[in-house]
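Undergrad: Build me a model from this:
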Amino acid sequence: MSLKIKTITCHEVYNYGAILQEYALLNYLESKGHDVEAIHYKPEYLSGHFKLWTVTSSKFNKNIILKIIYLVLKLPFRLYKLQKKKRFDFFSEKYLKVGKQLYKDNKQLKSNLPEADAYICGSDQIWNSFFQNGKDPAFYLDFVPDSKKKISYAASFAIETLADDLKPFVKEKVERINAISVRETSGKTILADLGITNVTQVLDPVFLVDENYWKKKFVTVHEEDKYIFIYDFDNNPLIEKLAKQIAEQKDFKIYAINENISYADKNFYLQGPKTFLSLMYNAQFVITNSFHSVAFSLIFNKQFIVVNRNDAINTRMRDLLELFNLSHLLVSNDFDSRKIEMIHFEEANELRELAIKKSKEFLENALVK
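TA: Below you'll find the predicted structure:
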């Protein structure tokens with residue numbers, strides 16, 4: 001049975017994982033014959049990316065002269081960085097089916113409901129109350145009437161526990177959802193603490209699309225350089241140390257895709273999602289603190305290690321590694337790069353296929369009920 005489906009997630013946030021998981025869910029649902037479209041939801045708190053005239057330093061906000069000096073100094077580099085925005089926007093326009101109507105808050109969604117048979121919130125960190133999106137009722141499908149089908153797919157809290165003052169809000173909103181799934185074991189625990197137990201743990205949408213599809217659609221294969229791929233949000237000194245050690249031991253170069261990595265032989269931080277996937281696929285080794293870099297390391301069977309983020313949002317990587325019996329890949333400051341164990345992917349791949357089957361079954365059952 002073909003359904004008209006609307007999805008809602010953190011949209012146009014210019015993050016590789018965010019845009020690829022959004023694409024993957026839309027693509028999978030469409031492959032099942034559904035008429036699916038992402039809601040063009042851009043609340044103010046998610047709309048500050050690549051603004052040319054924003055003053056982010058309070059000391060320059062004191063008077064108009066300081067503001068002008070600040071903006072004049074910042075403008076050339078901000079214009080330069082617009083290359084990344086253009087590449088992400090091109091990917092979105094070409095590959096994401098997104099509604100034309102722009103919504104900026106939950107009230108607008110309620111007053112002008114996007115028409116659908118079913119609504120899906122997810123995936124990624126939509127319920128992470130460390131950020132504003134975890135406190136936004138729209139990401140809990142609050143705007144959808146009781147008579148309509150509401151599903152969460154692989155929604156992520158990304159944290160261990162909720163603040164006490166948020167628990168009533170989350171409980172009220174999640175209980176309205178007809179079929180609930182989360183991405184992490186810790187998400188199930190958070191909801192169980194609220195008395196919500198009818199919860200399924202599923203994989204991130206990027207796993208719903210198989211390796212051959214990702215490769216054929218988006219990857220440029222090359223074998224010119226042997227390199228370690230770094231995806232590091234924090235400019236973590238442990239990642240730098242390990243990358244340099246392994247590069248020396250193996251005679252690898254270091255490639256990165258974050259602006260703040262100055263020690264890389266090549267940095268691709270202005271490039272779009274296709275370059276990210278190609279860098280992942282062609283790498284000999286991956287060192288990361290990114291959930292989706294871990295996910296694609298598993299999909300492409302790449303040797304990798306994981307370092308915790310500085311922010312308290314590490315449950316995502318920990319729970320994913322535990323799911324595939326790869327917890328030893330989460331390393332700490334005393335880790336010796338000479339003790340890296342090669343990953344034998346046979347068991348991980350078997351566990352992945354079982355988890356993918358369970359995830360697809362959840363979605364199919366949720367949509368037909």
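Undergrad: Distance of the residue sitting furthest away from the middle of the chain relative to residue 74?
TA: Residue farthest from the centre of the chain, counting by C-alpha atoms, centre = their mean, is residue 65 at 39.3 Å. The gap separating residue 65 from residue 74 is 15 Å, by C-beta to C-beta, to the nearest Å. Where C-beta positions appear, they are placed from N, C-alpha and C, glycine not excepted.
Undergrad: now residue 356
TA: 45 Å.
Undergrad: do residue 341 as well
TA: Using C-beta to C-beta, one obtains 45 Å as the distance from residue 341 to residue 74.
Undergrad: ok so residue 229 is a strand residue?
TA: Yes - assessed by DSSP: H, G, I helix; E, B strand; the rest coil, residue 229 belongs to a strand.
Undergrad: quick one, what contacts it?
TA: The neighbours of residue 229, taking C-beta atoms under 8 Å, 6 or more residues apart in numbering as the test, are 255, 256, 257, 279, 280, 283, 285, 286, 287, 288, 293.
Undergrad: Just those residues: which are in strands?
TA: 255, 256, 285, 286, 287, 288 (DSSP state E).
Undergrad: ok, the third one - contacts?
TA: What that stands for is residue 285. 228, 229, 246, 250, 252, 302, 303, 304.
Undergrad: just the last one next, same as before
TA: Contacts for residue 288 (C-beta under 8 Å, 6+ apart) come out as 229, 230, 231, 232, 239, 294, 297, 304, 306, 307.
Undergrad: tally of neighbours for the fifth one?
TA: Looking back up the chat, that one is residue 239. If you count neighbours by other C-beta atoms under 10 Å, residue 239 ends up with 25.
Undergrad: Which of the contacts of residue 285 are buried, as a PyMOL select command?
TA: What follows is the PyMOL syntax for the buried subset of these, where burial is set by 16 or more other C-beta atoms under 10 Å:
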select buried, resi 228+229+246+252+302+303+304
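Undergrad: Inside helices: which ones of the contacts of residue 285?
TA: Secondary structure defined by DSSP state H assigns 246, 250 of the contacts of residue 285 to helices.
Undergrad: Name the residues that touch stretch 83-91?
TA: 12, 14, 19, 49, 50, 269, 270, 271, 272, 273, 274, 275.
Undergrad: Filter these down to just the buried residues.
TA: 12, 14, 19, 270, 271, 272, 273, 274, 275.
Undergrad: Can you classify the last one as helix, strand or coil?
TA: Three-state secondary structure (criterion: three-state DSSP) places residue 275 in helix.
Undergrad: What about the closest residue to it other than its chain neighbours, how many residues nearby?
TA: Closest residue in space to residue 275, ignoring its immediate chain neighbours: residue 268 at 5.5 Å, by C-beta to C-beta, 6 or more residues apart in numbering. Using other C-beta under 10 Å, residue 268 is surrounded by 17 other residues.
Undergrad: Contacts only, for residue 268.
TA: Per C-beta under 8 Å, 6+ apart, neighbours of residue 268: 255, 256, 257, 275, 276, 279.
Undergrad: which stretches of this protein aren't confidently modelled?
TA: Scanning the chain for pLDDT under 70 picks out the ranges 53, 55, 60, 310-313.
Undergrad: so where's the longest helix in it?
TA: The chain, longest helix under DSSP H: helix 64-95.
Undergrad: Buried residues in it, which are they?
TA: 70, 74, 81, 84, 87, 88, 91, 92, 95.
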